[in-house]
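Peer 1: How does the following fold in three dimensions:
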Amino acid sequence: MNKKKFILFPLLAFVLSSCLFDTDDEGLSNWLSDQGMPSSYKVQTVTVGDLNPLSAEVYRDTLPENARVRGLFGSVSGMSYKAFFDFKLESFLDTLNAADSVMSYLHLRLLDSYYTDASTPSKMFPIEEQLKVHVSWIVSEKMSNSEYKDLENVTDSVWFHELESWNPKYSADTTISVSIKRTKDKKGKFVLDSLSSYLTIDMPKDLVEDVRKSKGNRRLQLSITAPEASHIYRFYGSAYTVYHPQLVMEAMGKKQYAKSYAPMRSARVYSNREKCSDCLVLHGGVYDSLLVEFPSKPILKALSDFYGDEFPYTVGDSNDVRQAVVMAEVTFYRDDSKGQSELGLPVMVVVGTYMDSADVPVFRGEQYAKLNKPLINASGHPNMVFHEGDSLSLQVTYGMRDFINRASDGRTFKMVMRLGKSVVLDKDSTYRDRVFVKADSTEIANGNVIKSASGDTLQVFFSDVDFARYDFSTIKSKPATLKLWLASKRGEE
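Peer 2: Sure, this is the predicted structure:
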């Protein structure tokens, strides 16, 4: 796991403002009730500007991931993806050994949910390129029947651990011509034409000969990657009975025989090709995360100035519970110019924070719980990148609530950010993946009024992840703003 860290010294103020909380009386009363607070509590706001992080760290988890559902290979946005397969090769190898000639290829069925999604930009098609595929492999020694059978019991975690130190004996390159086109069927839905549904990768001659000279039961571990590719290619994983990857071996002589092997398991591994070691770059579709740590002093000072008494509270159990955090929001300056996106759609930023549980820090994902619908319908969700505007606002209510209550121990405030889903309807305030539209009803999407017939749906989120790249390095140079909505517990308030 790689880390990148910086220490930030005080910089000139750069104040950002954002207001997401709808404070109408009825809405506020309902919100307080949902939070388990009396509706009579007075809600006030405190803004902490010029908030400079103490540090920021990017964590990258490049361990192998399961590819039973979706496999990947290719390159995009500063990353290269490699696909791994684990095959059992049966006694058909004896037939291969006796054949006049042998050929082999890997058959991959493209992932329909991505390539035929109506929201996949049409400008992406056709996808055409000459693709240089790097193939590496390991063919085991002859295995006994019991050893061969036991391969099915190898756990994914054990195999993944082996792949971390992948050291193939042989490797070679092969070239394929890729042409992916889509059309609409009679019902108006996008489909891939029959020639575009599959990628067929001829296996190198060296691999064929290595397999051919084997006899008996063998294990073949195979890897493919295309570091010079212009795209990532998505295909169905090993869990599918119909569309799983297939390794085909064909023996030709007086008679022709063919055998198709499905992988026992498959995996995907990505490697980071970023050149800037100090940049705070996150990638979508993987487990990159950015940990940002803020000092406690400016937050507690703002609360002290606002209420006129000292923070933190240090009496009794030292938990400062004189006010409850109804909502907390951190706003960063953002600059999309250094980012890269496959789809050209806005991408949600997911956030989590740390809090105590039995005096042990635990991580909790934050919920995007309070939506200002008029603001969203007008200018879109505030927690997105690749979107209009120059700010990113993230709700950190759970973590800030715990932080303020326990700040007497000198702790800092920490939040973790990741790239999440792509958004098709960036100004739809329902925030649900699919919105069922009743007959003759009206929906607002992208600022336009849409009338829909019965049974239609509006897709809010894209069906697949965008393997985007986003540089959050401005966090180092542009101070953030923290806004707190507090339900006061002081005196009669």
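
Peer 1: and the residue lying closest to Trp137 once chain neighbours are set aside, what are its bridge partners?
Peer 2: Closest residue to Trp137 in three dimensions, ignoring its sequence neighbours and counting by C-beta to C-beta, 6 or more residues apart in numbering: Leu222, at 4.9 Å. To be clear about C-beta, it is placed using only N, CA and C from the backbone, and glycine gets the same treatment. For Leu222, the beta-bridge partners under DSSP bridges are Phe85, Trp137.

Peer 1: Quick check: next helix or strand after the helix or strand where Leu96 lies?
Peer 2: Using DSSP states H and E, Leu96 sits in helix 93-98. Going down the chain from helix 93-98, the next helix or strand is strand 101-109, by DSSP H and E.

Peer 1: ok, residues contacting that following strand?
Peer 2: 71, 85, 96, 197-203, 207-209, 211-212, 222, 224, 233, 235-236, 240, 243-253, 260 (C-beta atoms under 8 Å, 6 or more residues apart in numbering).

Peer 1: Can you tell me which of these are buried?
Peer 2: 71, 85, 96, 197, 199, 201-203, 207-208, 211-212, 222, 224, 233, 235-236, 243-247, 249-251 (16 or more other C-beta atoms under 10 Å).

Peer 1: quick one: which of the residues you listed sit in helices?
Peer 2: 96, 207-208, 211-212 (DSSP state H).

Peer 1: Check which helix or strand Gln367 maps to.
Peer 2: Using DSSP H and E, Gln367 falls outside every helix and strand.

Peer 1: Correct me if wrong: it contacts Leu394.
Peer 2: No: between Gln367 and Leu394 there is no contact under C-beta atoms under 8 Å: 11.3 Å.

Peer 1: Look at these two and report which has more neighbours.
Peer 2: Leu394 (21 against 10; other C-beta atoms under 10 Å).

Peer 1: quick one: secondary structure of that one?
Peer 2: Of the three states, Leu394 takes strand under DSSP: H, G, I helix; E, B strand; the rest coil.

Peer 1: so it touches Met415, yeah?
Peer 2: Yes: using C-beta under 8 Å, Leu394 makes contact with Met415 at a distance of 7.3 Å.

Peer 1: joint contacts of these two?
Peer 2: 330, 351.

Peer 1: Tell me who's in contact with the nearest residue to Lys184 once chain neighbours are set aside.
Peer 2: Spatial nearest neighbour of Lys184, chain neighbours left out: Phe190 (5.9 Å); criterion: C-beta to C-beta, 6+ apart. The contact partners of Phe190, by C-beta under 8 Å, 6+ apart, come to 116-118, 120, 182-184.

Peer 1: where do the helices sit along this structure?
Peer 2: 25-34, 93-98, 112-115, 145-150, 156-163, 205-212, 297-307, 373-379, 397-406.

Peer 1: Of all those helices, which one is nearest Arg60?
Peer 2: Among the helices of the chain, the nearest to Arg60 by C-beta to C-beta is helix 156-163 (16.3 Å).

Peer 1: any residues touching the closest one, and which ones?
Peer 2: With C-beta under 8 Å, 6+ apart as the criterion, helix 156-163 contacts 63-64, 66, 84, 86, 265, 267, 269.

Peer 1: Okay, buried residues for that helix please.
Peer 2: For helix 156-163, by 16+ other C-beta under 10 Å, it's 156, 159-160, 162-163.

Peer 1: Mind pulling up the pLDDT for the closest residue to Leu247 other than its chain neighbours?
Peer 2: Spatial nearest neighbour of Leu247, chain neighbours left out: Tyr261 (4.5 Å); criterion: C-beta to C-beta, 6+ apart. Predicted confidence (pLDDT) at Tyr261: the value is 93.

Peer 1: surely Tyr261 meets Leu93?
Peer 2: No: the pair formed by Tyr261 and Leu93 falls short of the contact definition of C-beta under 8 Å, at 10.9 Å.

Peer 1: Those two - which one has more neighbours?
Peer 2: Leu93 (22 against 19).

Peer 1: Enumerate every residue touching the more buried one.
Peer 2: 211-212, 214-216, 218.

Peer 1: Go again with 10 Å.
Peer 2: 139, 142, 211-218, 249, 251, 259 (C-beta atoms under 10 Å, 6 or more residues apart in numbering).

Peer 1: Flag the shaky bits of the stretch 251-400 of the chain, pLDDT-wise.
Peer 2: 312-322 (pLDDT under 70).

Peer 1: rerun at 50
Peer 2: Scanning the stretch 251-400 of the chain for pLDDT under 50 picks out no residues.

Peer 1: Which residue ranges of it form strands?
Peer 2: 257-261, 265-272, 281-283, 289-294, 323-333, 347-357, 360-365, 384-385, 391-395 (DSSP state E, counting those that start in this stretch).

Peer 1: In CSV: those strands, plus distance to Phe462.
Peer 2: Below are these laid out as CSV (distance: least, C-beta to C-beta, whole Å):
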stretch, distance to Phe462
strand 257-261, 33
strand 265-272, 19
strand 281-283, 16
strand 289-294, 21
strand 323-333, 24
strand 347-357, 9
strand 360-365, 20
strand 384-385, 13
strand 391-395, 19
